[in-house]
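Provide a 3D model corresponding to the input given below.
(chains A, B and C)
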Amino acid sequence: MNAEEIARLVGGKLQGDGTVQLRGIAALEFATPTDLSFAESPRALARARASRAGCILVPEGVELPGHLTIAVQSPKASLAHAAEILLLREKPASGIHPTALVHDTAKIAPEASIGPYVVIEKEATVGAETCLGAGVYIGSQVRIGEQCVFYPRVTIYPGAIIGNRVILHAGVVIGSDGFGYVFTEGQHKKFPQIGQVIIEDDVEIGSNSTVDRGSLGVTRISAGTKIDNLVQIAHNVVIGRGCLIAAQTGIAGSAQVGEGVVMAGQVGVGDHARIGARAVIGGQAGVLPGKIIPADATVWGTPARPLDEFKQAYRLLARSARKQHRRNPSSRR
Amino acid sequence: MNAEEIARLVGGKLQGDGTVQLRGIAALEFATPTDLSFAESPRALARARASRAGCILVPEGVELPGHLTIAVQSPKASLAHAAEILLLREKPASGIHPTALVHDTAKIAPEASIGPYVVIEKEATVGAETCLGAGVYIGSQVRIGEQCVFYPRVTIYPGAIIGNRVILHAGVVIGSDGFGYVFTEGQHKKFPQIGQVIIEDDVEIGSNSTVDRGSLGVTRISAGTKIDNLVQIAHNVVIGRGCLIAAQTGIAGSAQVGEGVVMAGQVGVGDHARIGARAVIGGQAGVLPGKIIPADATVWGTPARPLDEFKQAYRLLARSARKQHRRNPSSRR
Amino acid sequence: MNAEEIARLVGGKLQGDGTVQLRGIAALEFATPTDLSFAESPRALARARASRAGCILVPEGVELPGHLTIAVQSPKASLAHAAEILLLREKPASGIHPTALVHDTAKIAPEASIGPYVVIEKEATVGAETCLGAGVYIGSQVRIGEQCVFYPRVTIYPGAIIGNRVILHAGVVIGSDGFGYVFTEGQHKKFPQIGQVIIEDDVEIGSNSTVDRGSLGVTRISAGTKIDNLVQIAHNVVIGRGCLIAAQTGIAGSAQVGEGVVMAGQVGVGDHARIGARAVIGGQAGVLPGKIIPADATVWGTPARPLDEFKQAYRLLARSARKQHRRNPSSRR
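You can find the predicted model right below:
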């Protein structure tokens, strides 16, 4: 693609020679004359002057003399857009690798790509253009939509339902038994973990994350939600559409998360908690079991409370400690 | 099974037609006329009126006109009990899959089921009716008892000892090297991690959890303990019988955990800490290295302290912050 | 080896019969007469009197009548040193297992050992004496140095660069996509995650840990750094040489960690934070996004602050709560 075509694609204003060919995407400092790059913040724009990038996406109204630029409203979003076209990954050949073990009753769309040492159990279905990496395990009666990408070693327990364009990174486990026991006759007896798990369209889940099936009901990750690495989603959790859940967050059983919620890293959500739509939960915050966080709230701390309240308490405590220290620097008790 | 037989199995009092056939178990809202369900809380009992369940386990003294019910002391426990009979899972056929690689010197009980692409190294033993899922790896000299279930991609390092009826979910790693180094000659040199790991009878461990071997000594998970997903158990840790350890908890080296301890999610236990029997550790709490938590205590916070103390300090701080805020709402320093 | 030879190897002073043969290493309480052990603390030295160990490394100036001892400056470091010689593990035979699938264009050093069901994609290279365990996946164009050990189920995404003597434990994922999206047209669109990941010499990474590739730039783990189990390293993170990062710690995007930094378990580091060289971050501490922690600082708490300050605030709060409680034990609001 040349610069002219990219400018048209992202609806931006080209400044310079539109015939320059672009073949890749790179950060300003690594870019070569065939790479498209972007600069958005004043600091990035300053660094852009020294970049060797063939073309740079910049905010509207910005000029970079001596550089080929395309001015757009959001350089970062336009880069993501251009990347979808420029970086069309070499797709693995469709077909079933000879070492893959596919049960006779499983249905694999002819355009799917099934990698080496994959195991697909009975009555499972795999949709068109879905790609299963090496060593993926698909349990019986699992249903997988179209254009999904499962990286190596993904494991799907029996009966899980997975939508279209779902991306599961290496080591993800979907549909394992939830953590549910009844204490009886002096021991923890397993409570049935036989419910369902549904991963809707356009969900992405990071490496080694785990999503348990419902105990009797359903665990659901709604469309467009993105989940980072090493996240735990317990049984019967329902997560709304378009959420962002950062690494190492854990959501306990039966919690409900509204649409558009953002959780920073290492958040803990207690069982049966309800997080309102578009709420933001700060890093390492802990939402108590059964707690209701209102829509659009921003909370932090353990137990999680409104951000302002958290900051106020924190400031107050820090100030008192300093004062105390001044009065009696050696106080230890 | 019919309702009459289930009533007898759980020792409950049947109300209605005992000849109704039941084939499965489901939550009230999903149940069909061939499903057994349960209702325990007042809210669940209210929902039960609208359920299509063929039969409902209810607390003693409760009636649900128009519904077939079995009255028992603990509906939840009785459901778990009935599930063991009703849900007898189709067992995988015993035998060794032709793609499994089993060393000549390994001993596999004839009734065991060894899945595709399993690798079993020399002198390992696998007990009767134990089932190893696809791609499981069993290191040399590992000993595995009877009636265990290892889900796909479980990895057992050499020398581990695993009891009977142990359930390991997908991606679990048992026996990896502990995190131990000696700083010498300007670098971190590996301290030997050559000890043992013992997983006793009736332990269940959730997906992608990790249990390190002892460095020189032993890491032990005692009988009947249940561990959730993404939990880390470090070298030389000893966990007592019948503990419950929720997701993403981490227990550092040489910590000792008494029997019947309950840890909520994301708890951290420092190295060499000792947790007394039946103690309860609240979510995200952090027990300091070397700290001793008395038996039967309930603690929370980081550093973990008695629950009452934590709550008092929290309330005091919240109140002061509110007062301060009223005096000077714009205070920022 | 006999005791005389070990004393020479570690530069220690032998007390007793130097001809005693030693074949293994064990903790004091498990050691047999052919094992080398060590005792460093006064408590360990007391326990040493009852040990059956064939030879015990002790601190200089210490005598243990009736025991064969070698006095050294650091018994623990000397044990680690001796272990390197005494415990030379039986190496897996070099060569490529017949079930391994190695692309024609991949280059495998003849002394490498490639286990069963390994998959190595095109143009990947594996250095001399490197050992890949069962089911390891190596993406295209990955470069792996010499004398590495990858345990079963390690997954390396395309293009990653891995140095010499790197140890990756079971289930580790290197080079997965970072967690980066642009919100546009009402949905989270994937921002390109096409950068590099570099793991330098002598790095060790624990079971089921994850390291993402750079988005456009580079994720780097510098030489000699040791990482525990279930740790998350996000895109564009740079970690200096010789760090120790304990289990379940998470480091968010573009954070920079200086050399020799120590992080305890479950630490969270926010995006773009910068941790100075040799800083120590206490367990469960949370470093805010963008925050700068000075070199040699010790910090704790969330948000992380200097250890003294944290302790002072904690003490102050505990004292006030106690006082309040004495004045009004039943206060609940």
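
residue ranges for the helices of the stretch 201-333 of chain A, please.
A:307-327 (DSSP state H, counting those that start in this stretch).

where does it come near chain C, residue by residue?
Residues of the stretch 201-333 of chain A lying close to chain C (CB under 8 Å from any CB of the partner chain) are A:202, A:204, A:206-208, A:224, A:226, A:228-230, A:242, A:244, A:246-248, A:264-266, A:283-284, A:301, A:314, A:317-318, A:320-322, A:324-325, A:331-333. In short, each C-beta sits where N, CA and C put it, glycine included.

repeat that for 6 Å
A:207-208, A:224, A:226, A:228-230, A:247-248, A:265-266, A:283-284, A:317, A:320-321, A:324-325 (CB under 6 Å from any CB of the partner chain).

Can you pick out the ones from those residues that are in strands?
residue A:226 (DSSP state E).

Quick check on the residues of the stretch 201-333 of chain A next to chain C: which are buried?
A:207-208, A:224, A:226, A:228-230, A:247-248, A:265-266, A:283-284, A:317, A:320-321, A:324-325 (16 or more other CB atoms under 10 Å in any protein chain shown).

so how far is residue A:172 from residue A:29?
33 Å (CB to CB, to the nearest Å).

Over to residue A:139?
14 Å.

which one of these two has more residues nearby?
residue A:172 (31 against 24; other CB atoms under 10 Å in any protein chain shown).

That one contacts residue A:154, correct?
Yes. If you go by CB atoms under 6 Å, residue A:172 and residue A:154 touch, sitting 4.9 Å apart.

Return the residues of the stretch 1-150 of chain A in contact with chain C.
Residues of the stretch 1-150 of chain A lying near chain C (CB under 6 Å from any CB): A:25, A:26, A:27, A:76, A:77, A:80, A:83, A:116, A:117, A:134, A:135.

ok, 8 Å please
Counting by CB under 8 Å from any CB, the residues of the stretch 1-150 of chain A near chain C are A:25-27, A:29-30, A:37, A:74, A:76-77, A:79-81, A:83, A:87, A:99, A:115-117, A:133-135.

Need the three-state assignment for residue A:45.
helix (DSSP: H, G, I helix; E, B strand; the rest coil).

cool, and the one 5 residues further on?
Three states are possible here, and by three-state DSSP the one that applies to residue A:50 is coil.

can you pull the contacts of it?
Applying CB atoms under 8 Å, 6 or more residues apart in numbering or on different chains, we find residue A:50 in contact with residue A:28.

so how far is residue C:220 from it?
Counting by CB to CB - residue A:50 and residue C:220 are separated by 22 Å.

Any regions of the stretch 201-333 of chain A where pLDDT drops low?
Where the stretch 201-333 of chain A drops to pLDDT under 70, the residues are A:325, A:328-333.

among the buried ones among the residues of the stretch 201-333 of chain A next to chain C, which are in reach of chain B?
A:208, A:230, A:248, A:266, A:284, A:317.

how about these, which pair is most distant?
A:208 and A:317 (36.7 Å; CB to CB).

what's near enough to touch residue A:11?
Residue A:11 touches residue A:72, counting by CB under 8 Å, 6+ apart.

What of residue A:57?
A:10, A:12, A:36-39, A:69-70, A:72, A:75, A:78-79, A:82.

Try it again at 6 Å.
A:38, A:70, A:72, A:75, A:78, A:79 (CB atoms under 6 Å, 6 or more residues apart in numbering or on different chains).

What of residue A:39?
Residue A:39 neighbours (CB under 6 Å, 6+ apart): A:45, A:48, A:56, A:58.

measure the residue nearest to the second one when sequence neighbours are not counted to residue A:83 for me?
Yep, that's residue A:48 we're talking about. Using CB to CB, 6 or more residues apart in numbering or on different chains and skipping residues adjacent in sequence, the residue nearest residue A:48 is residue A:39, 4.0 Å away. According to CB to CB, residue A:39 and residue A:83 sit 16 Å apart.

Quickly list what the nearest residue to residue A:250 once chain neighbours are set aside is bridged to.
In space, and not counting its chain neighbours, residue A:250 is closest to residue A:232: 4.2 Å by CB to CB, 6+ apart. Legend: beta-bridge partners of residue A:232 under DSSP bridges are residue A:210, residue A:250.

pretty sure residue A:232 contacts residue B:229?
Yes. Proximity of residue A:232 to residue B:229 meets the contact threshold set by CB under 6 Å, at 5.0 Å.

can you list residues touching both of the two?
A:210, B:247.

can you list the domain ranges for chain A.
A:3-86, A:95-307 (automatic domain parsing).

how about the ones you listed, which one is nearest residue B:214?
That would be domain A:95-307 among the domains of chain A, by CB to CB, at 24.3 Å.

Just list the residues touching residue A:187, thanks.
Taking CB under 6 Å, 6+ apart as the test, what residue A:187 contacts is residue B:224.

for residue A:101, same thing?
A:119, B:116.

Okay, and the beta partners of residue A:149?
Under the criterion used here (DSSP bridges), residue A:149 is bridged to residue A:131, residue A:167.

what about the closest residue to residue A:192 other than its chain neighbours, neighbour count?
Among residues not flanking residue A:192 along the chain, residue B:83 sits closest, at 4.1 Å (CB to CB, 6+ apart). Look at residue B:83: counted by other CB under 10 Å, it has 20 neighbours.

from what I can see residue B:83 touches residue B:26, true?
No. Taking contacts as CB under 6 Å, residue B:83 lies outside contact range of residue B:26: 10.8 Å.

Mutual contacts of those two, please.
Contacts common to residue B:83 and residue B:26, judged by CB under 6 Å, 6+ apart, are absent.

The contacts of residue A:57: which two are farthest apart?
A:70 and A:79 (10.1 Å).

Could you list the contact residues of the stretch 201-333 of chain A toward chain B?
A:208, A:210, A:216-217, A:232, A:250, A:252, A:268, A:286, A:302, A:312-313, A:316.

coming back round to it: now intersect the contacts of residue A:57 with the strands, please.
Among the contacts of residue A:57, the members found in strands (DSSP E) are A:38, A:70, A:72.

Looking at those residues, spot the one nearest residue A:106.
residue A:38 (43.5 Å).

Report the beta-bridge partners for the closest one.
According to DSSP bridges, beta-bridge pairing links residue A:38 with residue A:57.

what separates residue A:123 from chain B, distance-wise?
12 Å (CB to the nearest CB, to the nearest Å).

Can you name the residues that contact that residue?
Contacts of residue A:123 (CB under 6 Å, 6+ apart): A:105, A:140, A:141.

Please tell me I have it right and residue A:302 contacts residue A:286.
Yes. Under the contact definition of CB under 6 Å, residue A:302 touches residue A:286, with a separation of 3.3 Å.

Neighbour count: these two, which is higher?
Per other CB under 10 Å, whichever of residue A:302 and residue A:286 has more neighbours is residue A:286, with 28 against 24.

Return the distance of that one relative to residue A:262.
Counting by CB to CB - residue A:286 and residue A:262 are separated by 16 Å.
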